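> below are the sequence and a predicted model; questions follow.
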Amino acid sequence: MKKLSILTALCVASLFLPLEISIGPAVARPFDFLLILSLSMYIFSFSKKGQLVIGTKKELLKEPIFPLLCLYFFYLSLSAFLFTGVSVWVKESIQYSEMIVLFLLCVHVFKSKQDSEVFVKVFTFSLFLITFYAVTWHIMHGHLVYYKNLNEPKLAFGVLSFVAVCYFLSQKKKKSFIYSVLMFGSVVLMLMSGEKKGWVAFFLSISIIYILNTYRPQIRNLAKIKKPKPKNVIFHGVAGVAVFLLLFIGWQVPKLQKQFNSLTTAFSAVLSQNVDNYMKIEDASTRNRLYLLSISLQSFKENPFLGLGTEQFKGISEKMAEGKSGIAGNGAHSIYQQVLVDNGLLGLGLLLALFITMARRAIWLSRNVEFARSVPVTFAIGMVFYGIFVNAFLGGGVLNFFFYIVPAGAIVGLLQSESYAKSKKQYFKQHRYPVKAPTLRAIQMTPGC
């Protein structure tokens with residue numbers, strides 16, 4: 001279903017567009033229309049063949065990711081109904097239903113190797129167009145660096161850089177010069193954008209991907225680690241120098257230097273645990289984040305287990321920020337922070353259980369190196385960790401869903417794919433591991449152990 005893969009990729013990429021239409025109390029985005037079109041195409045195509053199943057019930061329930069996702073959304077919806085109000089409950093329930101549909105479409109796309117490759121290519125090209133538009137718009141308005149005046153597109157820089165590195169790492173033999181140039185250019189644009197959460201999520205997730213792709217087979221058997229080849233040492237040395245030069249050049253640009261300084265100032269303010277120090281921070285975004293963090297801790301104590309109700313934190317932050325100059329009570333700047341206040345420890349526990357399960361399944365996928373080095377698999381594994389990190393600095397927006405719905409659907413789809421089943425058999429055959437390895441307790445109970 002090449003057409004469905006293309007449409008799903010466009011649907012996902014549209015989340016980074018700064019476009020929305022107000023329809024009464026609701027807000028419609030290009031994503032909503034493209035999602036309806038994608039679902040309609042799927043229903044129309046498969047109804048002809050007498051098949052209308054994205055994944056069988058047994059297949060979906062076999063992986064714990066889908067039940068956890070449904071349970072998490074159900075609890076958030078119930079919290080909105082009980083504590084917030086009917087109007088918010090209706091709005092949130094519609095949004096959660098859309099995300100379930102997006103998840104199922106991603107499962108279907110990533111079950112096929114060809115469809116998943118088409119999805120990643122179209123998604124990457126769409127992000128390139130969005131970032132090109134954002135850079136052009138800022139340059140035309142006199143901003144040569146610091147591309148943050150458009151809200152959603154600023155997050156596309158980090159994701160585009162991440163996908164470019166995925167393509168680079170997926171080259172099995174000779175690293176392509178074109179991919180090297182594209183990767184280097186996208187990373188430069190990401191640094192020039194000044195988007196700090198993109199920086200943090202990019203470098204942390206790429207570090208994990210690089211370790212899984214490069215050193216995981218060696219970590220399994222430390223006795224067989226080979227000496228690095230000279231060309232690999234040269235490559236890593238050049239890459240390290242390039243990163244240092246990028247950071248050094250960025251430090252010379254006043255606006256980017258301000259962004260670097262705000263990171264260190266934020267850490268020192270948190271360590272001091274003094275709210276008055278937050279007000280002294282020059283960067284408005286960092287100042288807001290830290291002040292809202294202190295507000296969230298106060299609000300959390302009111303109902304720590306169940307929370308105050310879905311979408312309540314924004315109203316609370318607006319009230320508590322009134323009369324304070326330099327502070328904007330515009331809601332949480334972290335999904336963990338928002339869920340903790342709105343849905344309590346129970347909601348945060350469900351979210352963390354979902355993320356931990358996704359991370360474990362992603363690491364499981366990386367066990368077969370040859371399978372994991374294909375672009376769709378590298379993209380899916382990396383986006384799991386990228387989403388976990390970036391969601392720590394992003395809260396209350398539709399892009400929060402992208403950073404865990406798409407990788408969750410991709411992981412489940414890949415685990416159900418025929419190519420993964422074949423690679424798993426080949427992997428266990430080569431390493432002589434049983435399909436279900438015995439637990440430590442079973443080994444200890446074995447006579448003679």
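It's in. Numbers count the residues shown, from 1 in each chain.
> what's the closest non-adjacent residue to residue 117?
residue 376 (5.8 Å; Cβ to Cβ, 6 or more residues apart in numbering). All C-beta atoms are positioned from the backbone trio N, CA, C, and that covers glycine.
> just for this structure, where's the confidence low?
Residues of the chain meeting the criterion pLDDT under 70: 1, 24-26, 46-59, 61, 171-176, 213-289, 320-331, 368-373, 396, 419-449.
> I'd guessed the residue nearest to residue 117 sits against residue 120; true?
Yes. Judged on Cβ atoms under 8 Å, residue 376 makes contact with residue 120 at a distance of 5.4 Å.
> how about residue 22, secondary structure?
Classification of residue 22 by DSSP: H, G, I helix; E, B strand; the rest coil places it in strand.
> ok, the closest residue to it other than its chain neighbours - contacts?
Spatial nearest neighbour of residue 22, excluding adjacent residues (Cβ to Cβ, 6+ apart): residue 28 at 7.9 Å. By Cβ atoms under 8 Å, 6 or more residues apart in numbering, the residues touching residue 28 are 20, 21, 22.
> filter those residues to the buried ones?
Among these, not one counts as buried by 16 or more other Cβ atoms under 10 Å.
> immediately after the host helix or strand of residue 60, which helix or strand?
Remark: residue 60 resides in helix 57-62, with elements defined by DSSP states H and E. As assigned by DSSP H and E, the chain's next helix or strand after helix 57-62 is helix 65-79.
> contacts for that following helix, please.
For helix 65-79, the external contacting residues (Cβ under 8 Å, 6+ apart) are 60-61, 89, 92-93, 96, 99-100, 103, 306-307, 309-310, 342-343, 346-347, 350-351, 353-354, 357-358, 361, 405, 408, 411-412.
> mind giving me the PyMOL command for buried ones among those residues?
Buried members of the contacts of helix 65-79 can be picked out in PyMOL with the line below, counting by 16+ other Cβ under 10 Å:
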select buried, resi 60+89+92+93+96+99+100+103+306+307+309+310+342+343+347+350+351+354+357+358+361+405+408+411+412
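> which residues does residue 88 contact?
80, 310, 311.
> pull the number of nearby residues for the first one.
Right, residue 80. 25 (other Cβ atoms under 10 Å).
> equivalent analysis for the last one, please.
Neighbouring residues of residue 311 were enumerated by other Cβ under 10 Å; the total is 21.
> distance to residue 36 added to the contacts of residue 28, as a markdown table?
As requested, the contacts of residue 28 are exported to a markdown table (distance: Cβ to Cβ, whole Å):
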| residue | distance to residue 36 |
| --- | --- |
| 20 | 16 |
| 21 | 14 |
| 22 | 18 |
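> pick the one among the residues you listed closest to residue 156.
Nearest to residue 156 among the contacts of residue 28, counting by Cβ to Cβ, is residue 20 at 16.4 Å.
> so the closest one touches residue 27, yeah?
Yes. With contact defined as Cβ under 8 Å, residue 20 reaches residue 27; the gap is 5.1 Å.
> for the nearest residue to residue 378 once chain neighbours are set aside, give me its contacts.
Nearest residue to residue 378, sequence neighbours excluded (Cβ to Cβ, 6+ apart): residue 166, at 4.4 Å. Counting by Cβ under 8 Å, 6+ apart, residue 166 touches 120, 209, 375, 378, 379, 382.
> cool, and residue 415?
So residue 415 contacts 63, 361, 364, 365 (Cβ under 8 Å, 6+ apart).
> ok, of the residues you listed, which come out buried?
Using 16+ other Cβ under 10 Å, the buried members of these are 63, 361, 365.
> take the contacts of residue 415 and write them to JSON lines, including distance to residue 130.
What follows is these, written out as JSON lines (distance: Cβ to Cβ, whole Å):
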{"residue": "63", "distance to residue 130": "31"}
{"residue": "361", "distance to residue 130": "29"}
{"residue": "364", "distance to residue 130": "32"}
{"residue": "365", "distance to residue 130": "28"}
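> can you tell me which of the residues you listed is closest to residue 159?
Lowest distance from residue 159 to the contacts of residue 415 (Cβ to Cβ) belongs to residue 365, with 19.8 Å.
> that closest one contacts residue 414, doesn't it?
Yes. Counting by Cβ under 8 Å, residue 365 touches residue 414, with 6.1 Å between them.
> how about the strands in this structure?
21-23, 26-28 (DSSP state E).
> who's the closest spatial neighbour of residue 6, skipping the chain neighbours?
With sequence-adjacent residues excluded and distances taken as Cβ to Cβ, 6+ apart, residue 6 is closest to residue 122, at 5.1 Å.
> who touches the one you found in this structure?
So residue 122 contacts 5, 6, 9, 10, 13 (Cβ under 8 Å, 6+ apart).
> take those and write them to a markdown table, including neighbour count.
Shown next, in a markdown table, are the contacts of residue 122 (neighbours: other Cβ atoms under 10 Å):
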| residue | neighbour count |
| --- | --- |
| 5 | 25 |
| 6 | 19 |
| 9 | 26 |
| 10 | 19 |
| 13 | 24 |
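> pipe those into TSV and attach distance to residue 293 per row.
Output for the contacts of residue 122, formatted as TSV (distance: Cβ to Cβ, whole Å):
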residue	distance to residue 293
5	40
6	41
9	35
10	36
13	31
